[in-house]
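# Build me a structure from this.
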Amino acid sequence: MNTDKKRLPVMEDLQNIHYTGPARYNTLTGQAAWTDTFANTGENISCHWITRIHTCPVSNPESLRTITAGGLLETNPCPANDGSTYFLSDKTGYSQLYRMQQDHCTQLTDLPFGILDYGLSPDEKRIWLSAWDAPCSDHKSAPIVFEEHPFKSDADLGFKQQRKPALWLYDCCSKDSICLLDSRTGFLHPVWHPDSSAVLYQLKNDHGTLDIMELRKDDLWKPRCIVSMTNVSPASSNKSSMLFTPDGSHLILIGKPPRSEYAEPERLYMVPVNDKKSTAAEAVELINPLKNETGVTVDNMFLYQDDHLQTFQILPDGTIIFLSAENGSVLVWQAAILPDGHAVPKKLTAAPDNFEALTYIGDHKVLALHTSWRSLPETVLLDLNTGGFNRFTVHNQWAEEIAWQPASIHWFQTPGAPKATQGFYLPPANVRPDQKYPAILYCHGGPTGFYSTSLYPEQQALAAAGFAVIYANPRGSTGYGTDYSADEDAYNGNAALDLENFVQKICETYPYIDPDRLGVCGGSYGGYMTTYLSSHSTLFKAASTHRPLLNWQMIGYASHSAGCMHTRSAFPDFRDYLKECLDISPTTCAEDIHIPFQIQQSLHDANCIPEQVFQLFTAIRNFNPDVPCRMILYPVSGHSLLSRGPVSVALQHKKDNLEWFKRWL
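Now for the predicted structure:
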């Protein structure tokens, strides 16, 4: 890496990153709108992140216009036919719908507990609103009574009644709002009919599969089932809405087969829509699974502050473009929409370019979020015919002054594994072969997540500080086929074996790495793996576990996943479930941790809850009181500390990780 004219990255650089949200586009005006979320580094510590909305014609990106209503979070912008822009803002405390026309901003709604999402009808006369049915927790002292599975959130360290959305309708002419569905309905992914006459939504039925429901203006917006699917259940992590085919005869959606395994990829399905009568239908799987094993699962690899990610788009020519992971990259694919499905997809882009959030604008071009080895997230204009693209936003142009270095790709075949393990290596900055350097293995979360051919600023900062950085996608990771992503391999030692073998290979490949100065760290599932390797491997000399998954009993019965772990079918006897939890809990091996060990935990983490690390810390101190062990608890932060918590706390988390390895390696 040539650093003669560029400075090396440091941890403080991470607070300067602007996270560009997905764009929306209006075909009539040619206007695009998107968000830009960045850290507030001023003196007001109550402001964690600030979100701005930008609009401009796609044909003239230089004529950028910024919309500000005065809220901290201004999200989900939508350009309208008359040149105005709709968006959500929390200016009044709860998110409400606003409309910006020229320089005049109007608040359109005043629903009591705020709006989660909205959708403008094609004729722009009405808007469906997904609105909360209860306020955020205000820490009142009154008791809360539960009769169903409770809900635990990062917002308050404890159980609370779960807020659910109700579906409202806003009339743009009369300015009136009416409630179409109350929060007991459990509706999913509402979408307007192309002729603006009806709102369709998904509803999970008693069989665990999906019904397509319709609210039609002619029927006074009364709900009616128009399709009952027999072979599709809701997608667990899908943020995309349903989309109509160009002729309006079919809906395309993302779902899963009923009773699918936890790590099984989500799939694209097509189902016919008949608004005249209710029908039972078997949805058609669009993509040939034998030709595209990875399905359409896409992970949020960049820390976006907006969840409205569109992972597929339908083109006017009757084809579909979608995002899918392959060998450590998120690529854009295209497939024909065939009556019987199972089309063989065509790859439109290639590594090391990664894409998210597709927005079709016509003429075989899309706006998409992009990153690569050397670039932070930006919106690009992608040509589907050539796979080429031009940068559309320049929010992170400052990063060009930093000497980012590309990671090298390495593969290693673990005996017995269905496929080779893919991993990445970042050398220390200005490495000299005649010197010895420490190295850090960084483990990803999930376990279904994966490292991509993207730029990871925190790892770049570790390399700039003099560490070699090793990271890999062991078994349990997505993007390499369903056999490779089997959930049991993530916890039975196979994934750990992949990582150990990969680290040893890297040490052999780069002799300047000191094998006696190896560290390991990671968050969430990566924290589980860090703890497991610390007690099962002799390779590592120091460790730092971040918000770790340590105890499935607590995850299944005391986290935000309480009651959702399917324990009744897998473990009819509760005592068997408790035994299984102990068998796979790395805390039970705390007495085997003999290396300097740091625990970094968010105090308001409702996913990997703090009680787990209290157990681990106490066990290490009891069994090995002479082992250097430190626990750091971060206030006012949840599981998404590094992307959604206070900026100062997130930065301190990264610094504490670096300083621990400086001290012990």
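
# Off-centre distance for the lengthiest helix in the chain?
Using DSSP state H, we find that the single longest helix of the chain is helix 647-664. For helix 647-664, the distance from its own C-alpha centre to the chain's C-alpha centre is 23 Å (CA atoms, centre = their mean, to the nearest Å).

# Buried residues in the helix or strand where residue 200 lies, which are they?
If you go by DSSP states H and E, residue 200 is part of strand 198-204. The neighbour-count check on strand 198-204 (16 or more other CB atoms under 10 Å) flags 198-203 as buried. For every residue, glycine as well, the C-beta is placed using N, CA and C.

# Which neighbouring elements make contact with that strand?
Contacts defined by 3 or more CB pairs under 8 Å, 6 or more residues apart in numbering; DSSP states H and E place strand 198-204 against strand 165-171, strand 187-192, strand 210-216, strand 233-234.

# Sort out which residues of the next helix or strand after the third one are buried, please.
Translated: strand 210-216. The element immediately downstream of strand 210-216 (helix or strand, assigned by DSSP H and E) is strand 223-229. By 16+ other CB under 10 Å, the buried positions in strand 223-229 come out as 223, 226-229.

# related to what we said a few turns ago, distance to residue 51 and mean neighbour count added to the helices and strands packed on strand 198-204, as JSON lines?
Below are those laid out as JSON lines (distance: least, CB to CB, whole Å; neighbours: other CB atoms under 10 Å):
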{"stretch": "strand 165-171", "distance to residue 51": "21", "mean neighbour count": "20"}
{"stretch": "strand 187-192", "distance to residue 51": "23", "mean neighbour count": "21"}
{"stretch": "strand 210-216", "distance to residue 51": "31", "mean neighbour count": "22"}
{"stretch": "strand 233-234", "distance to residue 51": "28", "mean neighbour count": "18"}
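
# what's the closest of those strands to residue 538?
Counting by CB to CB, residue 538 lies closest to strand 233-234 out of those; the figure is 44.0 Å.

# List the strands paired with the closest one, with their directions.
Within its sheet, strand 233-234 is paired with strand 250-256 (antiparallel), according to DSSP bridges.

# can you list contacts of the helix or strand that the strand it pairs with is followed by?
Counting by DSSP H and E, the next helix or strand C-terminal to strand 250-256 is strand 267-272. Residues outside strand 267-272 that contact it (CB atoms under 8 Å, 6 or more residues apart in numbering): 212, 227, 229, 232, 245, 249-257, 279, 281, 283-287, 289, 295-296, 312, 320, 322, 337, 341.

# quick one on the thing from earlier: in terms of contact count, name the helices or strands touching the longest helix of the chain.
Helix 647-664 packs on helix 457-464, strand 513-524, strand 542-548, strand 597-602, strand 629-634, helix 641-644, going by 3+ CB pairs under 8 Å, 6+ apart.

# and among the ones you listed, the most buried is which?
strand 542-548 (a mean of 28; mean count of other CB atoms under 10 Å).

# ok now it, how far from the chain's centre?
Taking mean C-alpha positions (CA atoms, centre = their mean), strand 542-548 and its chain are 21 Å apart.

# for that strand, packing partners?
Strand 542-548 sits against strand 513-524, helix 525-536, strand 597-602, helix 610-623, helix 647-664, with contacts defined as 3+ CB pairs under 8 Å, 6+ apart.

# could I get these as a markdown table with distance to residue 35 and mean pLDDT?
What follows is the helices and strands packed on strand 542-548, written out as a markdown table (distance: least, CB to CB, whole Å; pLDDT from 0 to 100):
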| stretch | distance to residue 35 | mean pLDDT |
| --- | --- | --- |
| strand 513-524 | 25 | 95 |
| helix 525-536 | 28 | 94 |
| strand 597-602 | 25 | 94 |
| helix 610-623 | 32 | 92 |
| helix 647-664 | 17 | 92 |
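
# need those in JSON lines with distance to residue 427, can you?
What follows is the helices and strands packed on strand 542-548, written out as JSON lines (distance: least, CB to CB, whole Å):
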{"stretch": "strand 513-524", "distance to residue 427": "9"}
{"stretch": "helix 525-536", "distance to residue 427": "22"}
{"stretch": "strand 597-602", "distance to residue 427": "24"}
{"stretch": "helix 610-623", "distance to residue 427": "32"}
{"stretch": "helix 647-664", "distance to residue 427": "16"}
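
# follow-up on the earlier one: could you tell me the angle between the longest helix of the chain and strand 542-548?
Angle, helix 647-664 to strand 542-548, by axes from the mean of the first three to the mean of the last three CA atoms, to 10 degrees: 150 degrees.

# List the buried residues of helix 647-664.
647, 649-651, 653-654, 656-658, 660-661, 664.

# could you dump the residues you listed to TSV with distance to residue 165?
Converted to TSV, the buried residues of helix 647-664 look like this (distance: CB to CB, whole Å):
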residue	distance to residue 165
647	29
649	29
650	28
651	33
653	32
654	34
656	37
657	37
658	41
660	42
661	44
664	47
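
# contacting residues for residue 32?
With CB under 8 Å, 6+ apart, residue 32 has these contacts: 23-26, 55-58, 79, 359, 361, 367, 392.

# In space, what's closest to residue 635 - neighbours in sequence excluded?
Distances taken as CB to CB, 6 or more residues apart in numbering place residue 603 nearest to residue 635, at 5.5 Å, with adjacent residues excluded.

# wait, residue 97 sits on residue 85?
No. At 11.4 Å, residue 97 and residue 85 do not qualify as touching, with contact defined as CB atoms under 8 Å.

# Please say which of these two ends up with more neighbours.
Legend: neighbour count by other CB atoms under 10 Å for residue 97 and residue 85, higher for residue 97 (25 against 22).

# wait, is the more buried one part of a strand?
Yes. Secondary structure assignment (DSSP: H, G, I helix; E, B strand; the rest coil) places residue 97 inside a strand.
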